[in-house]
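J.: this one's structure only:
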């Protein structure tokens, strides 16, 4: 069967595509194991890096253009991982773009799924930015969402569409409110949460970094390895185990920026850690202030999801997976 | 200033229009009292009944057609009461129609508001159908929503849009998760909750009625008088009192169908009550089973919202407001 990954040429999309290629099969909405014939990475533009598996293929288009999505979600599509999004900082600055990609794009995907002969499984990446406002110290599985960013509101609205399309049997959907993904490789993107990756990545790559939030700022994070596992695990859990709620808070870790910097010092040395300085930016701080920093996630644990063991494990995974061997800090 | 009521020729829209005409003024988004020059009742079709005030005017159109809404929401529009909706039973049976009116319609209204020179106040009628699934015995202001109907999911998605458009300063919005409105006059509509009105209205109008849910079925209800008060009160509360949450559960009453029938007997006589029989309908019961039946609403009470005193007060209000004087049961 065909698997579609929207936002597929992004960092997570690519890693997910590679993991699915290694895995070779997925459970379809009827519960049968199906071989994966094709992994379509859908995105705005084709990347420069070569693909690593012959089953992987890049398709470019506009996620909010129904005609592009109708061509993408073909009748042999059994699984969709809908990762495409305009990130938090950009959605806050460009309201129209955020609405168009995050809301209209999801709607276009769902509408196309509905026309398939067999309902596909769909994994939707929502965000812990769905929480906000007057928050309890620890979010649990029963805390109401109340997003204070456009990104969070758009993700929240889509959660209800994914749930309702699932309830109606048009898809077999699952939404994960992802923690901040740390460590992202490459250049900083426009996510307001980018500093949580940069504070680890930049010094380990030998670059200076000015962190836009104070050292005591805490973030709820999950490593790329665990995120990919969580996306596939969310896909594989039988529909009946989701019960009457298709949205889940996966587990993560609470990490302060000073703890992240300590891990950089332990694993990368004092010289690396010394490359980081702090210069708070009100625009970033204002967005981040509305996000939750600690969760209790019993439902996810019961469903078999796993967090990283420690901040050191997160930093070590980055060093192993992403840092070019040539680079020594 | 101009006030727009979508779904304006419906039962509540009309009553709201009349109440606003009597009131003569509203507070605008800057906090100033403004005289109401025009009350536009926007709906799919013009009704047969005459208008009762010279400031009232009917405009027909499609709430999901941006061109119709652009003409409706003119630059002198200071307040919008967005009541237009495809009701629960109909949205469950006609998924496309529900999405189009309940989601796309709200989006069209919000997009039009955003183009106004001054952000208008907007009151959005969400629904207690936003709650569902594995519910606690009593819903409070901190219970997460988890709708189990398309109507509820569409309303929930729109709550987040109204909140985000408000946070961005494009509107000054307020969403009320209305209880079931009891007693609705006229013929039963396609709302799955219609029986809660019919069990009172039909026998008092001298007509037999077969109730599609068992007598012990409990509903969370509010009378039309109190709903109209709540809509205007929600409009008038200063923005700062809403804080970081633009969605509110107004107060209501929990009433079982047998209690409603007892009130009919007390106020309309035994002969009227004898006109009601019970014959459960699985389609209706299935929708209703997912709805909450009891709420604790301290936030609404603190903000000055009020429920009805008793089921007898609700039935008495119907007799006074709606039952033709000529009809004696």
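T.: Yep, that arrived. In this text, all values refer to a predicted model and were calculated from it rather than measured experimentally.
J.: which bits of chain A sit near chain B?
T.: Residues of chain A found near chain B (Cβ under 8 Å from any Cβ of the partner chain) are A:95, A:132-134, A:142-148, A:150, A:153-154, A:156-158, A:160-161, A:163-164, A:167-168, A:243-245. No exception for glycine: its C-beta is placed from N, CA and C like everyone else's.
J.: Which of those are buried, as a ChimeraX select command?
T.: Here is the ChimeraX command that selects the buried residues among those (16 or more other Cβ atoms under 10 Å in any protein chain shown):
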select /A:95,132,143,144,145,146,147,148,150,153,154,156,157,158,160,161,163,164,167,245
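J.: and residue A:216, how far is that from residue A:257?
T.: Here residue A:216 is placed at a distance of 7 Å from residue A:257 (Cβ to Cβ, to the nearest Å).
J.: Comparing these two, which shows the higher neighbour count?
T.: Just comparing residue A:216 and residue A:257: by other Cβ atoms under 10 Å in any protein chain shown the higher neighbour count belongs to residue A:257, 21 against 10.
J.: List the contacts of that one.
T.: Residue A:257 is in contact with A:195-196, A:199, A:211, A:213-219, A:278, counting by Cβ atoms under 8 Å, 6 or more residues apart in numbering or on different chains.
J.: likewise residue A:11?
T.: Applying Cβ under 8 Å, 6+ apart, one finds that residue A:11 lies in contact with A:184-186, A:224.
J.: Name the nearest residue to residue A:219, sequence neighbours excluded.
T.: With Cβ to Cβ, 6 or more residues apart in numbering or on different chains as the criterion, residue A:219 has its nearest non-adjacent residue at 4.6 Å, and that residue is residue A:196.
J.: Where does the one you found fall, secondary structure wise?
T.: Assessed by DSSP states H and E, residue A:196 sits inside helix A:195-204.
J.: which residues of chain A fall in helices?
T.: Per DSSP state H, chain A carries helices over the ranges A:11-23, A:66-72, A:88-93, A:95-98, A:105-114, A:150-167, A:195-204, A:224-236, A:239-242, A:257-268, A:270-273, A:282-289, A:298-302, A:311-321.
J.: ok, residue A:72 to residue B:56 distance?
T.: For residue A:72, the distance to residue B:56 (Cβ to Cβ) stands at 49 Å.
J.: Distance of the residue of the stretch 201-329 of chain A found nearest chain B relative to residue B:149?
T.: The nearest approach of the stretch 201-329 of chain A to chain B comes at residue A:244, 3.8 Å away (Cβ to the nearest Cβ). Distance, residue A:244 to residue B:149, by Cβ to Cβ: 12 Å.
J.: and residue A:188, what are its phi and psi?
T.: With angles defined as degrees, to the nearest 10, residue A:188 sits at phi -60, psi 140.
J.: My error: substitute residue A:47 in the last question.
T.: Taking degrees, to the nearest 10, you get phi -80, psi 170 for the backbone angles of residue A:47.
J.: related to what we said a few turns ago, kindly reformat the contacts of residue A:11 as TSV containing neighbour count and pLDDT.
T.: Below are these laid out as TSV (neighbours: other Cβ atoms under 10 Å in any protein chain shown; pLDDT from 0 to 100):
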residue	neighbour count	pLDDT
A:184	23	93
A:185	15	91
A:186	11	84
A:224	22	97
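J.: And the furthest pair within these?
T.: A:186 and A:224 (11.6 Å; Cβ to Cβ).
J.: got the angle for the helix holding residue A:196 vs helix A:311-321?
T.: Here helix A:195-204 runs at 60 degrees with respect to helix A:311-321, directions being taken by axes from the mean of the first three to the mean of the last three Cα atoms, to 10 degrees.
J.: what does helix A:195-204 contact?
T.: By Cβ under 8 Å, 6+ apart, the residues outside helix A:195-204 that reach it are A:180-185, A:188, A:208-209, A:211-213, A:219, A:221, A:255, A:257, A:260-261, A:263-264, A:267-268, A:272-276, A:284, A:314-315, A:318-319, A:322-323, A:329.
J.: For ChimeraX, what selects the buried ones among those residues?
T.: Buried subset of these, written as a ChimeraX selection, criterion 16+ other Cβ under 10 Å:
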select /A:180,181,182,183,184,209,211,212,213,219,221,255,257,260,261,263,264,267,268,272,273,275,276,284,314,315,318,319,322,323,329
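J.: wait, isn't the residue of the stretch 201-329 of chain A closest to chain B in contact with residue B:133?
T.: Yes - using Cβ atoms under 8 Å, residue A:244 is in contact with residue B:133, at 3.8 Å.
J.: any shared contact partners between the two?
T.: The contact sets of residue A:244 and residue B:133 overlap at B:146, B:148 (Cβ under 8 Å, 6+ apart).
J.: ok, for residue A:110, nearest residue in space, not its chain neighbours?
T.: Distances taken as Cβ to Cβ, 6+ apart put residue A:165 closest to residue A:110, at 5.1 Å, once the chain neighbours are dropped.
J.: which residues sit in contact with that neighbour?
T.: Residue A:165 touches A:110, A:113-114, A:171, A:173, counting by Cβ under 8 Å, 6+ apart.
J.: And those, which two are furthest apart?
T.: Greatest spacing in the contacts of residue A:165, by Cβ to Cβ: A:114 and A:173 (11.4 Å).
J.: With neighbour numbers in mind, choose between these two.
T.: Neighbours were counted for residue A:114 and for residue A:173 using other Cβ under 10 Å; residue A:173 has more, 29 against 17.
J.: Please look at that one and residue A:163 and confirm they touch.
T.: Yes - in this structure residue A:173 lies within contact range of residue A:163 using Cβ under 8 Å: 6.9 Å.
J.: Now for those two: what residues contact both?
T.: Residues touching both residue A:173 and residue A:163 (Cβ under 8 Å, 6+ apart): residue A:246.
J.: where does the stretch 151-300 of chain A have low pLDDT?
T.: Along the stretch 151-300 of chain A, no part satisfies pLDDT under 70.
J.: Now with 90, please.
T.: Of all residues in the stretch 151-300 of chain A, those with pLDDT under 90 make up the ranges A:186-192, A:283, A:286-291.
J.: now do the stretch 1-150 of chain A
T.: Scanning the stretch 1-150 of chain A with the threshold set as pLDDT under 90 gives A:29-30, A:46-50, A:52, A:88-89, A:134.
J.: now do 50
T.: The model of the stretch 1-150 of chain A has no residue with pLDDT under 50.
J.: Indicate the residue of it located nearest to chain B.
T.: residue A:133 (3.8 Å).
J.: I'd say that residue and residue A:148 touch.
T.: Yes - look at residue A:133 against residue A:148 with Cβ under 8 Å: they come within range, at 5.8 Å.
J.: anything in contact with each of the two?
T.: Here residue A:133 and residue A:148 have A:290, B:244 as joint contacts, going by Cβ under 8 Å, 6+ apart.
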